[in-house]
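[1] Predicted coordinates and the sequence they were generated for:
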Amino acid sequence: QVQLQESGPGLVKPSQTLSLTCTVSGGSITTNYYYWTWIRQPPGKGLEWIGYIAYSGSTYYSPSLKSRTSISRDTSKNQFTLQLSSVTPEDTAVYYCARDPNGGWVDYWGQGTQVTVSS
């Protein structure tokens with residue numbers, strides 16, 4: 001059973017960098033052919049796909065967030081990390097990490113973590 005757990009600060013000031021880590025258990029983030037994904041849901045809105053880091057270490061980001069997004073990994077800890085720079089209150093959302101089994105869909109989700117951008 002794969003489990004994902006997000007961690008990081010719940011409050012970030014405008015213009016700072018949001019940083020969240022997803023710790024994965026029950027499976028390796030280097031196993032073919034999984035894509036380790038970040039998704040968010042702003043209040044009152046639908047899900048927004050942010051990007052992924054693949055089993056190979058390659059990354060792909062949403063075009064609308066690409067200039068501010070970086071996803072990296074620590075294979076020794078079986079973790080992957082989201083960094084979103086220059087945040088504004090519009091980045092306030094519940095952030096989820098998830099696993100995409102190479103099909104454009106998600107089979108495992110983290111529980112989600114609320115991040116609020118406010119001074």
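    Nice, I can see it. All values derive from a computational prediction rather than experimental measurement. Residues are numbered from 1 along each chain as shown.

[2] Report the contact partners of the nearest residue to residue 97 once chain neighbours are set aside.
    Distances taken as C-beta to C-beta, 6 or more residues apart in numbering place residue 22 nearest to residue 97, at 3.3 Å, with adjacent residues excluded. Bear in mind the C-beta positions are built from the backbone N, C-alpha and C, glycine included. Contact analysis of residue 22 by C-beta atoms under 8 Å, 6 or more residues apart in numbering lists 4, 5, 6, 7, 36, 38, 79, 80, 81, 82, 97, 110.

[3] how about 10 Å then?
    With contact set as C-beta atoms under 10 Å, 6 or more residues apart in numbering, residue 22 has these partners: 4-8, 29, 36-38, 53, 71, 73, 78-82, 95-99, 110, 113.

[4] Locate it within the secondary structure: which element?
    According to DSSP states H and E, residue 22 maps onto strand 18-25.

[5] helices or strands up against the next helix-or-strand element following that strand?
    Of the helices and strands lying after strand 18-25 in sequence (DSSP H and E), the nearest is strand 35-41. Taking 3 or more C-beta pairs under 10 Å, 6 or more residues apart in numbering; DSSP states H and E as contact, the helices and strands that strand 35-41 lies on are strand 3-7, strand 18-25, strand 48-54, strand 59-61, strand 69-74, strand 79-84, strand 93-100, strand 113-117.

[6] Now do the strand holding residue 22: distance to the chain's middle.
    The gap between where strand 18-25 is centred and where its chain is centred comes out at 7 Å by C-alpha atoms, centre = their mean, to the nearest Å.

[7] what's the answer for stretch 46-65, then?
    Here the centre of stretch 46-65 is set off from its chain's centre by 8 Å, with C-alpha atoms, centre = their mean.

[8] okay, how far is it across that stretch, tip to tip?
    Counting by C-alpha to C-alpha, to the nearest Å, the length from the leading to the trailing residue of stretch 46-65 is 16 Å.

[9] That stretch: which residues count as buried?
    Using 16 or more other C-beta atoms under 10 Å as the burial criterion, the residues of stretch 46-65 that qualify are 49, 50, 51, 52, 53, 54, 55, 59, 61, 65.
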